[in-house]
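K.L.:
got a predicted structure here, sequence first:
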Amino acid sequence: GAVVSQHPSRVICKSGTSVKIECRSLDFQATTMFWYRQFPKQSLMLMATSNEGSKATYEQGVEKDKFLINHASLTLSTLTVTSAHPEDSSFYICSATANGDEKLFFGSGTQLSVL
Amino acid sequence: QKEVEQDPGPLSVPEGAIVSLNCTYSNSAFQYFMWYRQYSRKGPELLMYTYSSGNKEDGRFTAQVDKSSKYISLFIRDSQPSDSATYLCAMWSGTYKYIFGTGTRLKVLA
């Protein structure tokens, strides 16, 4: 299957700082990337959908100014959590699809802890 | 009514048992069906992918889709302790977003 690499796997930061998470498709061109948030023992909550070269589409209730998504190339998308606060602590996961392929492949996830 | 319903478990079985995991859905527009395995604090891993109705087998895993009943299943034969994880069903209509079940936690006891 296709490989999606996500870094870092874990980050601890102080309240008020910004954190950037990278998501790369290693062996395919990711026309669409998705960012999810997952709380313990809960399912995936879609935050936003991004297509290469265009602005991300955010789900209702997700602050686009707080969660900045950039999909500048067909292999890289980034999520920046700006001015992070303890309530932003969560497990963030990216996923990607290739053009013409319905399968969705996930990164390994990033555990964000804001102190 | 949720678009996708999945029993959260936990489901505990002895090693070697056949495991049956299921999801029901309400949107008849779904055409693509997937099963993912997720270990704790890891991203979901695609196990099975099925388009429309029918069965698909891959090693110890069999996926079934019954669109008339809006019901999908994943069977795991000869279950192993390493199969202990959360299993998520997912479906997609071909447009908009993928819809996920809440996940079923499986424990295979040695």
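P.N.:
Yep, it's here. Numbers count the residues shown, from 1 in each chain, chains lettered A, B, ... in the order given.

K.L.:
and the pLDDT at B:Thr50?
P.N.:
Per-residue confidence (pLDDT) for B:Thr50: 93.

K.L.:
run through the bridge partners of it.
P.N.:
B:Phe33 (DSSP bridges).

K.L.:
dump the residue contacts of it.
P.N.:
With contact set as C-beta atoms under 8 Å, 6 or more residues apart in numbering or on different chains, B:Thr50 has these partners: B:Tyr32, B:Phe33, B:Met34, B:Lys56, B:Ala63, B:Val65, B:Ile72. In short, each C-beta sits where N, CA and C put it, glycine included.

K.L.:
and if you look at A:Pro40?
P.N.:
Contacts for A:Pro40 (C-beta under 8 Å, 6+ apart) come out as A:Phe91.

K.L.:
could you verify that it is part of a strand?
P.N.:
No - A:Pro40 is assigned coil when assessed by DSSP: H, G, I helix; E, B strand; the rest coil, not a strand.

K.L.:
so it versus B:Leu47, what's the distance?
P.N.:
22 Å (C-beta to C-beta, to the nearest Å).

K.L.:
off-centre distance for stretch A:6-23?
P.N.:
Put simply, stretch A:6-23 sits 11 Å off its chain's centre (C-alpha atoms, centre = their mean, to the nearest Å).

K.L.:
residues near the closest residue to chain A within chain B, how many?
P.N.:
In chain B, the residue that lies nearest chain A is B:Gly43 (3.8 Å; C-beta to the nearest C-beta). As a burial measure, B:Gly43 scores 23 neighbours (other C-beta atoms under 10 Å in any protein chain shown).

K.L.:
that one against A:Gly109, yeah?
P.N.:
Yes - the pair B:Gly43 / A:Gly109 is scored as a contact, 4.5 Å apart, by C-beta atoms under 8 Å.

K.L.:
what's the overlap in contacts for these two?
P.N.:
With C-beta under 8 Å, 6+ apart as the test, B:Gly43 and A:Gly109 both reach A:Gln6, A:Ile93.

K.L.:
list the contacts for the residue of chain B closest to chain A?
P.N.:
With C-beta under 8 Å, 6+ apart, B:Gly43 has these contacts: A:Val4, A:Gln6, A:Ile93, A:Ser95, A:Phe106, A:Gly107, A:Ser108, A:Gly109.
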